[in-house]
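# Provided below for reference: sequence and predicted model.
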Amino acid sequence: MKIGTSVDYFSNALGRYKDRMFDKVRELGFEYADFNMADTNTPFYEKNGIHLVERMRNLADDAGVCINQIHGPWRHPPVDEKEEERQERFEKMTRAIEYTRILGAEYMVIHPLMSYSADDKGREEEFRNMNLDFMKRLTEEARKKGVTICLENMPMMNLSLSKPERILEIIKEINDESFRMCFDTGHVSVFGDLDVAEEIRRCGAYIKTFHIHDNKYGKDLHLPPFYGIIDWKSVTKAMKDISFDGVFSLEVSSPSIGDDTLFEKYISLMRNTVDFMMEE
C-alpha cells in the first residue's frame, strides 16, 4: 500500500523547512502528500495564487513526492446558509479544483456544507437537499478537469451528514465516478456506536482517499495511530478486504515541537508505526 502524509506539520506556524518541505517529506519516508488548501485566506487564493501553486508542484516534483490529494476549501465556524455564501464557496472550490489539477493530484477532499453550524436537527431534509444540489454542480466542474471530489465523513454528533453511511447515501444518489468518499478513521471513532473496520467494509469501493488518525474521549484530536482507541490491525485488514490500493494518508495534528531533530524523530516514529500496521 502507498504511504502518504499531510504536509501541514512540515510547513506550520513554526516556519519549518520552507522550500525544503517536500524534501523532508521524502527524506522521512513518504512518497505521497496531502496538500492542504482549506484556508482560503492565504496567498493561494489571491489574484496571482496560481503561480504559487505551480511552484509547489515544481518543489514536489523535484523532491520525488507525488501530491495525490488536496484538502479543499473549509472554514470554521461554517457560514453556508445564504445563497451568496454558498456561491462564494462554490467559486473557491472551483478554483481549488483547478489547483488540484495543476498539482497533479487526482482527488480533492471536501466537507459537507454546514449551513446550520454543527447541528441541523429539525432541518435534516433541507440540509441534505442543499448539499445534493451543491455537490452535483461541483462534480460537473471536477469532471471537466479530470478531478474526483471526495466527500469526507465528519465528527459532529448532531450533524446528519456526519456518519459514513449518510455520506455514502449522497454519493450513491449523485452516482458519478467523479464523486466519491474520503474515509476519515478518527471521525468515525468519535461515535461510540460505530466500528471503524466495519464502516470501511460498508463503504467499500466508494472510498478513494483516507484521512488516517486516532481519537479518544469522544473528541476529534487527530492523534497518531495507537494513541487513541482505534483497533488498527482490524482497520488495515478491512482496507485489504475492500482491495484498497490507494494512499494510506496520515492526517495527525501538528506537534508543537520547536527542535527539528526531535520533530523528525516524532515523524519517523509515525512512519515506522505505519510499517508495523501493514505487517500481516
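It's in. Bear in mind the structure is a predicted one, so any value in this text is a computation, not a measurement.
# Flag the shaky bits of the stretch 151-280 of the chain, pLDDT-wise.
Applying pLDDT under 70 to the stretch 151-280 of the chain flags residues 280.
# would you list every one of the strands in the protein?
Listed in chain order, the strands of the chain (DSSP state E) span 2-6, 32-36, 66-71, 107-110, 148-152, 179-184, 207-211, 214-216, 219-223, 247-250.
# For the closest residue to Ser162 other than its chain neighbours, what are phi and psi?
Spatial nearest neighbour of Ser162, excluding adjacent residues (CB to CB, 6 or more residues apart in numbering): Met154 at 4.2 Å. (Glycine included, C-beta is placed from N, CA and C.) Taking degrees, to the nearest 10, you get phi -120, psi 170 for the backbone angles of Met154.
# Okay, Met154 and Glu88: tell me how far apart.
21 Å (CB to CB, to the nearest Å).
# got it, and Ile97?
Look at Ile97 and Glu88: by CB to CB, they are 15 Å apart.
# Among those two, which residue is more densely surrounded?
Taking neighbours as other CB atoms under 10 Å, Ile97 and Glu88 compare with Ile97 leading, 24 against 16.
# check contacts around that one.
Ile97 makes contact with Gly72, Met108, Leu138, Glu141, Ala142, Lys145, Val147, Ile149, according to CB atoms under 8 Å, 6 or more residues apart in numbering.
# my guess is the third one contacts Ile149, does it?
This means Leu138. Yes: at 6.0 Å, Leu138 counts as touching Ile149 under the criterion of CB atoms under 8 Å.
# Common neighbours of those two, please.
Common contacts of Leu138 and Ile149 (CB under 8 Å, 6+ apart): Ile97, Ile110.
# which residue packs closest to His213, ignoring adjacent ones?
Counting by CB to CB, 6+ apart, the residue nearest His213 is Gly186, at 4.1 Å.
# does that neighbour really touch Asp214, like I thought?
Yes: using CB under 8 Å, Gly186 is in contact with Asp214, at 5.9 Å.
# So between those two, which is more surrounded?
Taking other CB under 10 Å, Gly186 and Asp214 do not tie; Gly186 has more neighbours (25 against 21).
# Can you name the residues that contact the more buried one?
By CB under 8 Å, 6+ apart, the neighbours of Gly186 are 155, 211-215, 220-223, 228, 230, 251.
# Against Tyr45, how distant is it?
On the measure of CB to CB, Gly186 and Tyr45 end up 27 Å apart.
# between the longest helix along the chain and strand 179-184, how many degrees?
Counting by DSSP state H, the longest helix found in the chain is helix 124-145. Computed by axes from the mean of the first three to the mean of the last three CA atoms, to 10 degrees, the angle separating helix 124-145 from strand 179-184 equals 110 degrees.
# Does anything pack onto helix 124-145? Which helices or strands?
Contacts defined by 3 or more CB pairs under 8 Å, 6 or more residues apart in numbering; DSSP states H and E place helix 124-145 against helix 83-102, strand 148-152, helix 164-174, strand 179-184.
# which outside residues touch it?
Here helix 124-145 makes contact (CB under 8 Å, 6+ apart) with 80, 86, 89-90, 93-94, 97-98, 100-101, 108, 110, 112-113, 115-116, 120, 148-149, 151, 160-161, 170, 173-174, 176, 178-179.
# Please list all residues in contact with Asp260.
Arg16.
# where's it relative to Glu31, distance?
21 Å.
# show me the contacts for Lys18.
Applying CB under 8 Å, 6+ apart, we find Lys18 in contact with Ser11.
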